[in-house]
Each structure stands twice: as structure tokens, then as C-alpha cells.
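Asks: Kindly generate the corresponding structure for this input.
(2 chains)
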Amino acid sequence: MAEIVLDKVTKRYPDGALAVQEVNLEIADGEFIILVGPSGCGKSTTLNMIAGLEDITDGELRIGGQRVNEKAPKDRDIAMVFQSYALYPHMTVKENMAFPLRLAKVDNATVEKKVKEAADILDLSQHLDRKPSNLSGGQRQRVAMGRAIVRNPKAFLMDEPLSNLDAKLRVQMRTSVSRLQKQLGTTTVYVTHDQTEAMTLGDRVVVMRGGIVQQIGAPQFLYDHPANLFVAGFIGSPSMNFVPATLENGALRSVIGDVTLTDRVRQLVEAADAPREVILGIRPEHFEDASLVEPAKLSAGGKFTSQVDVLESMGSDKYAYFNLTGEQAASAELQELAKDAGSDDVPGDGISLVTRLSSASGAVEGASSDIWFDADKVQLFDPSSGKNLTYSER
Amino acid sequence: MAGIGGAETTGKKVGWGLLNAVVVIYALVPVLWIVSLSFKSSATLADGNFIPREWSLENYQNIFSTSEFTRALFNSIGIAVIATAIAVVFGTMAAYAIARLDFPGKNLLVGVSLLIAMFPQVSLVSPLFEIERTLGLFDTWPGLILPYITFALPLAIYTLSAFFREIPWELEKAAKMDGATPGQAFRRVIAPLAAPGVFTTAILVFIFCWNDFLFAISLTSTEQSRTVPVALSFFTGSSQFEDPAGSIAAAAVVITIPIILFVLFFQRRIVAGLTSGAVKG
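Replies: Below is the predicted model:
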């Protein structure tokens, strides 16, 4: 058990490419921290540097207060679960899990005991004598976890451990990983590109982009208070809607309706010295069918009328998709997010909007609908820097 | 629809069966002929019968009665086993480096070893003869082992590096994370997984050394280091008018046996898909 400190950790490849730039991160003892970001953002490189599988070009890595930059992986006393599981195919499940202990020259009785304990926790007891090739994906994944937990390491590193499982199993394993981590109380660094895993698993989430940390915080905090466009667009599913807007004398004009800024938002925007042209960000759940909003609240928000493009009823809610005429919000961050989602080459003019409406909504596909949004929930971003102009610590 | 196996019609089965039979007969008839010859007595040797009319162990008794053949057999086994062992050990290390590491001159190394493999061996015989005579290696075991290793290594490196490339690199990373030194990771994880490749290579190299005639006849002169293929060519009958065909046949049968044993023994270990289950699935 130990805390892990990354002090301006940088990774530069021999060809000059900067993979990770000055990452500062203090991971408390027993904390479950998630590194998340699109592919190529440096999250796996960061994890490999903590593991010792990649050299640190610059900066310092401390585990339990001790500088470990120069230590080999085996001397760092941390265990890792790989995306591919990396089970030893010539060994049985038992031998796989016992391998770290055998290398540590632990006596036989202790090995037996520890492997049995781990197998019990992971529900692998009846598979101990099987080879990995005879196991299902979920079982292999558990063996990989077992191999990590048997020797009580200072920390667990997990590199997208669930991404090879099918969707249903992934949800199951997600909860068991979470439970296991709470039960063992071991410091864990978990890499994923899946924002749902990031939101549900971690105590804190580190969002990375292009080798640079964008924001560090509790999942809910990142969701409510994204520091910039990238975090806002990356966290949340379906993701936040972005619409170009104009700020004028405390009023906000855009294709989804004009609103007067609430006092809270106005103060933040003034303090941030906002430009005239901004990007308005608003989450799907902050929309509602205008006919279901109390008249008193109706005036505290904006309203637009448009034809429902697609309507998805989830039972509990309805997702209504709109396609509004107008220029899409443009910024480097949004382009990168679209690319990561694979939607950058989907043809489409105008602004597409996702709204989550109450199931009582009478919206019908193809018919026009009045949609209201909560003016106090808007987030405004600077199009050039991507900075959140309405960012606050609370 | 039935599976691939079940989709075969009777006609197809018969066709394939005939083809297989032809191939097997084509390959085995000469072998059986040699076996048949080896069991014939000198009187019936040339009677043209496929199945010996009278069975005799005369030829086998003859070849084992003098040291000419037994000494050659000993030389052959010793030289082939030592050369194979050394070539496989060095080949494994070199192939691992080639498959895993990026180092300056890697392509040059691969190119040079390819060049050696392609070099016509007969053009090297005279220089080797001179060199070995000067160095005192002529007509010794090392005198044959060294050229065998030289020519077997490229083969070994090529075969083995293909096997090493198949092994997921993450296994090695995992071993490192589990607390293994690079040496332990290689010995306990990589090498066992490369075992099928190592055994395949060992068989190929052993057969290469075992069958060699060119170097063996050029670089030896006495029974001290003469190998079986060469000794066979020196067989004579008890008089110069006697045909040594029976003895040669018996010797040929005897030297085929180690190869068959070798292949059968290692074949069990060449299990395809040994690495399956290592990564996802």
C-alpha cells in the first residue's frame, strides 16, 4: 500500500515526439484513479511509466515516498492487468496465479494459501487446474486479476482490462472490479478510453488529451464543472450539445433560443472576461418538453421549436434528436472529439442536438415540438482556447 | 448443410484415397526395397524379388562385426547431436534478439546469415580443407561440428525468429511486472512457449548434419571422425568382386532409425497452437 506521486513526468520518444507532457498527479493511498482519454492521448504511456515498462524522460515518479524512476518493474512491487490479460498459456490457472509468488521465492504452503484465497475471492476455485485456452473471456480476465492480487502489491495498474469483454459481461465485471478494489483497499490506476467506466469506477478521474492532463477531479465534478470543451464533450453519454452563441448585454442568443443569463452564470462570465462569440454547451437532460414545464420555470429558460428528427423511447425517458439549421460550433477540441467518436466523416449540415425528455412528453417523430432548456445549466466556452468561461469550483 | 468433413461425396473420398495411396507408395517403395535388400542373403541379393525368399541377418552381422560402421555411427551421432545443440542454443538467442529488439546492424546481420545459407557449400570445401589442415582441425570432430553449425545457424535463426514473433510481447511485460528478471522471463515464459519452434529447428538441423556427405568426405580421412554417409561409400565386399550392396542396405536402414526416432520423439512436443489462450480470444 502506498501513494504514488507523478511530479512533472514527461515522456519524449527518441524521434522527438512528446507522448506525455509534465503530468502532475498525487494518488493517495488506497485511491482508485482513472486515466481516460481518446486513443493516443498518453494514458497508456503514463501507466507504463508508472509500471516501469517505459523510461521516464523527465520528472520524478515516487511510490511510497521513494523515487523509483530508475527501478526495474520487478523492484517496484506493483502488479498490472493487461488489456489482453497476458496469461501464460503453458501454465494452469493455479500456476499462473502462483507465478509472482514463485518468483518471489515464497514457500509452498504460503503460495497454496494465497492462491486459494485469491481464487475464492474471484470465484475461480473450480478452474484452478485448467489451462487459459480452456477458459471463457470473463474467466481469463479474472485469472489476470488473480495474478495481480495474490502478492498484495503496493498498487494495481490496469490497462483497459475490460475492453475485450462483451458488453453485458463488461458491466458485470465493472462492478466486481469496483467491489474488489474497495475490499482490498489497494491503490489502483486504471486506464480506459470508455467514459462510462471512468464515471462509474473511479474516486477521481484524470482526463488526458495529446499527452497533457486536461482536468483531474471526482467523476461528478468533471461532469458538472468541465474545465474546457474537451472534458465537457468527452465526459457524459450522450455527450453535451454544443451550439455557437453570441453574448450581448447579459443575453445569450443562439439557434436554440435567446435567454437572459442567470445571476450565477453572469457573474462567472464577467469574471472570466468572455468574448462576444462563445460556444454554448448544454447537456441532454437539461432540455424538456415545453408543455411539461411549469409556467413559473418556463421563463427561466430558452425555447425553440423544431421538427423531431429521431425519437428514441427508453421507457424511463425519451431521447429526441433535432437537426437545426445554422453553423456548427467549430473548435479544435470538438473536431478531435468527433474524430475519436468516429463521427467526423458522417455527413450532416447544421447543428445536431440530443435532448432527453420526460417519458410523458408527447413528442412525435417527424412532428414539430416545443423544447425548453434551463438557462442556469448552460456552460459557455471560449471558441479559441476551449476554456470554460462558466467554470467554478462549486 | 453438413460440416466440411461431412460434405465429401464418396467419389471425392475415393479420389483422395487413391491420390494419397500413390504418394505413400511413391515415397515408401524405395525404403521398403532397401529394407528388403538388407534382409537378403548374398546369394539371393540380385534375384529381383521384392520379398526376400530367404530371410537372413547376415548383412547386419557383417556391418556390426567390424569397427568401420560402428565407429562411424558413433561419430555421426556425436557430431550431429553436439552441432544441433550448439546451433539451437545460439540460434534461439539470436532469433530472440532479432524478433524482439531493435539494434543497429540488425538488417545487416539477417542479410549476412541469409547469404551464408545461400552460399554454395561446394565452393567452400577447398578453403575449409586448407584452413582445417593448418589449424589441426582436419579429421577431428570439431572440424565437422564447426562448419555444420555455420550452415545450420541461418536455418535455425530463420525458423526460430518466426516462432518468436508469434509470441505476444505482453507476456514478457507481464512476467516483468510479476517480478521476473529479463533472464527469468525468457527462461520461464518465452522459452517454454517457443519450445515447439525449438524442437522443429532441432529436427531440421539434426537431419542436415546427419545427412551431410560433402563436408564429411572432404574434411575427414580416417575412422576417427568419419560419419556414416561417408563410411557407407567406403564399404567393400570381402573380396573386390563381391557386391557390398547388402551391407550398404543394412547400414542405410540402421542410420534411418535415429531420424525416425528423433522425429517421433519430438513430434509430440510440436503441438500447434500452444500459445492459444494467452491473449484475449
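Asks: Pull out the buried positions in the helix or strand harbouring A:D120.
Replies: When secondary structure is defined using DSSP states H and E, the element that contains A:D120 is helix A:108-122. Buried residues in helix A:108-122, defined by neighbour count with 16 or more other Cβ atoms under 10 Å in any protein chain shown: A:V111, A:K114, A:V115, A:K116, A:A118, A:A119, A:I121, A:L122. Any C-beta I mention is one placed from the backbone N, CA and C, and that applies to glycine too.
Asks: likewise stretch A:276-292?
Replies: Neighbour-count burial for stretch A:276-292, counted by 16+ other Cβ under 10 Å, picks out A:V278, A:I279, A:L280, A:G281, A:I282, A:R283, A:P284, A:H286, A:F287, A:E288, A:D289, A:A290.
Asks: still on that earlier bit, can you redo the buried residues of helix A:108-122 as CSV with pLDDT and distance to A:K8?
Replies: CSV is the format used below for the buried residues of helix A:108-122 (pLDDT from 0 to 100; distance: Cβ to Cβ, whole Å):
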residue, pLDDT, distance to A:K8
A:V111, 94, 40
A:K114, 93, 37
A:V115, 94, 40
A:K116, 94, 43
A:A118, 92, 36
A:A119, 93, 41
A:I121, 89, 37
A:L122, 90, 37
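Asks: In CSV, list those residues along with distance to chain B.
Replies: CSV is the format used below for these (distance: Cβ to the nearest Cβ, whole Å):
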residue, distance to chain B
A:V111, 13
A:K114, 14
A:V115, 13
A:K116, 19
A:A118, 14
A:A119, 17
A:I121, 18
A:L122, 17
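Asks: Figure out the length between the terminal residues of stretch B:219-234.
Replies: 15 Å (Cα to Cα, to the nearest Å).
Asks: Quick one, grab the pLDDT at whichever residue of the stretch 151-300 of chain A sits closest to chain B.
Replies: Proximity of the stretch 151-300 of chain A to chain B (Cβ to the nearest Cβ) peaks at A:N164, 4.4 Å away. For A:N164, the model assigns a pLDDT of 87.
Asks: count of residues packed around it?
Replies: 19 (other Cβ atoms under 10 Å in any protein chain shown).
Asks: What number of residues are in the vicinity of B:L32?
Replies: Neighbour count for B:L32, taken as other Cβ under 10 Å: 12.
Asks: Now do the helix holding A:D120: everything it contacts.
Replies: Helix A:108-122 is contacted by residues A:93-94, A:97-98, A:101-102, A:106, A:124-125, A:128, A:142-143, A:145-146, A:149-151, A:180, A:183 when judged by Cβ atoms under 8 Å, 6 or more residues apart in numbering or on different chains.
Asks: Let's see that with 7 Å instead.
Replies: Residues outside helix A:108-122 that contact it (Cβ atoms under 7 Å, 6 or more residues apart in numbering or on different chains) are A:94, A:97-98, A:101-102, A:125, A:128, A:142, A:145-146, A:149-150, A:180.
Asks: for the chain, what's the longest helix?
Replies: If you meant another chain, say so; for now it's chain A. In terms of residue count, the longest helix belonging to chain A (DSSP state H) is helix A:167-184.
Asks: ah, no, chain B please
Replies: If you go by DSSP H, chain B has its longest helix at helix B:67-100.
Asks: In that helix, which residues are buried?
Replies: Using 16+ other Cβ under 10 Å as the test for burial, helix B:67-100 gives B:68-73, B:75-77, B:79-84, B:86-88, B:91-92, B:94-99.
Asks: circling back: what's the spacing between the helix holding A:D120 and its chain's center?
Replies: Put simply, helix A:108-122 sits 33 Å off its chain's centre (Cα atoms, centre = their mean, to the nearest Å).
Asks: any weak-confidence spans in the stretch 151-300 of chain A?
Replies: Of all residues in the stretch 151-300 of chain A, none has pLDDT under 70.
Asks: interface residues of it facing chain B?
Replies: By Cβ under 7 Å from any Cβ of the partner chain, the residues of the stretch 151-300 of chain A that approach chain B are A:N164.
Asks: Residue of the stretch 51-200 of chain A nearest chain B, please.
Replies: Nearest residue of the stretch 51-200 of chain A to chain B (Cβ to the nearest Cβ) works out as A:S133 at 2.8 Å.
Asks: Show me the beta-bridge partners of the nearest residue in space to A:A198 that is not next to it in sequence.
Replies: For A:A198, ignoring the flanking residues on the chain, the nearest one in space by Cβ to Cβ, 6 or more residues apart in numbering or on different chains is A:V36 at 4.0 Å. Beta-bridge pairing for A:V36 (DSSP bridges): A:T192, A:V207.
Asks: separation between A:V36 and B:E166?
Replies: Taking Cβ to Cβ, to the nearest Å as the measure, A:V36 falls 33 Å from B:E166.
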